[in-house]
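[1] Return atomic coordinates for the entry below.
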Amino acid sequence: MNKAKELLDELQNLDMDIQSRIDEINELEAGLLSSPKWTTDKVQGGQTRKVDDVYTQLIVMKEAIEQDTNEVINRKLELGRLINKLKNPKSRSILRMTYITKMYVDDICDKLAISKSSYYNMRRNAVDELEHILE
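    Got it, this is the predicted structure:
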């Protein structure tokens with residue numbers, strides 16, 4: 001697989017990664033906001049764990065996930081900027097609609113008033129153009 005296709009596949013999958021991180025943050029926030037019924041129980045031979053320690057750990061986890069999410073979002077922006085370097089506006093549009101907004105082929109064809117075979121030819125040319133930029 002060429003480098004351009006690998007980057008476009010990565011771009012297409014970043015939204016799922018970002019959404020899963022957002023869901024994880026929402027779960028942590030829900031846990032922080034709910035009123036815990038924890039007590040400081042001692043397990044024989046174990047250490048006591050205070051509620052404040054648990055909150056602190058949850059907040060640290062949330063901040064780490066947010067930082068990771070920002071890195072993934074920045075990667076998506078970086079890959080989108082590579083598409084912006086294409087000279088042909090239709091090539092940019094085809095790649096954006098396919099890999100960023102994830103439109104269906106039929107919808108792209110309707111929007112651009114082209115046939116499916118034209119779409120596939122234009123997409124192949126756009127990927128080739130992107131490959132040239134990456135070299």
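
[2] any idea how far residue 58 is from residue 87?
    If you measure residue 87 against residue 58 using C-beta to C-beta, to the nearest Å, the figure is 49 Å. Glycine gets a C-beta too; all of them are placed from N, C-alpha and C.

[3] Show me which of those two is the more surrounded one.
    Higher neighbour count among residue 87 and residue 58: residue 58, with 14 against 9, using other C-beta atoms under 10 Å.

[4] Helix or strand: which one has that one?
    Assigned by DSSP states H and E, residue 58 falls within helix 51-84.

[5] That helix - contacts with which helices or strands?
    helix 3-33, helix 89-95, helix 116-134 (3 or more C-beta pairs under 8 Å, 6 or more residues apart in numbering; DSSP states H and E).

[6] which one of these is the most hemmed in?
    helix 89-95 (a mean of 18; mean count of other C-beta atoms under 10 Å).

[7] tell me the mean pLDDT for that one?
    What helix 89-95 shows for mean pLDDT is 92.

[8] returning to what we had before: the inter-axis angle of the helix holding residue 58 versus helix 116-134?
    Taking axes from the mean of the first three to the mean of the last three C-alpha atoms, to 10 degrees, helix 51-84 and helix 116-134 form an angle of 100 degrees between their directions.

[9] I am finished for the moment; much appreciated.
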